[in-house]
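Colleague: coords below, sequence missing:
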């Protein structure tokens, strides 16, 4: 029970740090970095806490699959969004 609480509180901490980073950082690229790193780690820690809460059963397997999905898709999506904005800014500069 204590380990579950530590994981969930750790996840909530990283969610809070990511939110502060989104609000305080100056440009899109640093905000995206903050969102990708902190949200991925926060979600993974919270889901591990939920796995510990539910015990090791079929629900834990589903949560493990969600963790794997998040680990792959969240950084990939952030990278593609940042790359699209970078290319858009690059094209604006060449048009001028």
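Modeller: Great, that's in hand. These numbers were taken from a predicted model, which means no experiment stands behind them.

Colleague: okay, CA-based contacts and neighbour counts for the rest of this
Modeller: Will do.

Colleague: residues in contact with the nearest residue to residue 75 once chain neighbours are set aside?
Modeller: Among residues not flanking residue 75 along the chain, residue 36 sits closest, at 5.7 Å (CA to CA, 6 or more residues apart in numbering). By CA atoms under 8 Å, 6 or more residues apart in numbering, the contact set of residue 36 is 74, 75, 78.

Colleague: check which residues of the helix or strand harbouring residue 36 are buried.
Modeller: Assigned by DSSP states H and E, residue 36 belongs to helix 28-54. When burial is assessed from 16 or more other CA atoms under 10 Å, helix 28-54 yields the following buried residues: 29, 31-52.

Colleague: now stretch 14-21: buried residues?
Modeller: So, applying 16+ other CA under 10 Å, buried residues of stretch 14-21: 14, 15, 17, 18, 19, 21.

Colleague: now render those residues as CSV, adding secondary structure and pLDDT.
Modeller: As requested, the buried residues of stretch 14-21 are exported to CSV (DSSP: H, G, I helix; E, B strand; the rest coil; pLDDT from 0 to 100):
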residue, secondary structure, pLDDT
14, helix, 95
15, helix, 94
17, helix, 93
18, helix, 92
19, helix, 92
21, helix, 90
